[in-house]
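Asker: sequence and predicted model, in that order:
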Amino acid sequence: MSQLETPQTEEHGHRRGHMGHGLMMIACCIPILMIAILLVATGVASASFLFAAIACIAMMGLMMAMMMGGMSRGRK
């Protein structure tokens, strides 16, 4: 194995670990969205509550995408 192959292998394994973390975060967002839909459907909360829940999930997704972009460029 040459020195050039080692960083790529390590980076690939590092990136795969973050993909699993991203999937876990998506899985955690589903219950939040379901609770928001349920509260709006039952009339406990207004439709703006659903908008806030969707905006929160979208901002979290953007934050994770920006963090992953920094990782792929070698910044930590």
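Answerer: Looks like it arrived, so ask away.
Asker: distance of M66 from M34?
Answerer: 26 Å (Cβ to Cβ, to the nearest Å). For the C-beta atoms, the positions are set from N, CA and C on the backbone; glycine is no exception.
Asker: before we move on, what about V40?
Answerer: 11 Å.
Asker: out of these two, which sits in the busier spot?
Answerer: Shown here are V40 and M34; by other Cβ atoms under 10 Å, V40 has more neighbours (17 against 11).
Asker: you'd agree the more buried one is up against S48?
Answerer: No - with contact defined as Cβ atoms under 8 Å, V40 does not reach S48; the gap is 9.1 Å.
Asker: quick one: secondary structure of A45?
Answerer: coil (DSSP: H, G, I helix; E, B strand; the rest coil).
Asker: so which bits of stretch 23-43 are buried?
Answerer: Buried residues in stretch 23-43, counted by 16 or more other Cβ atoms under 10 Å: C29, A36, V40.
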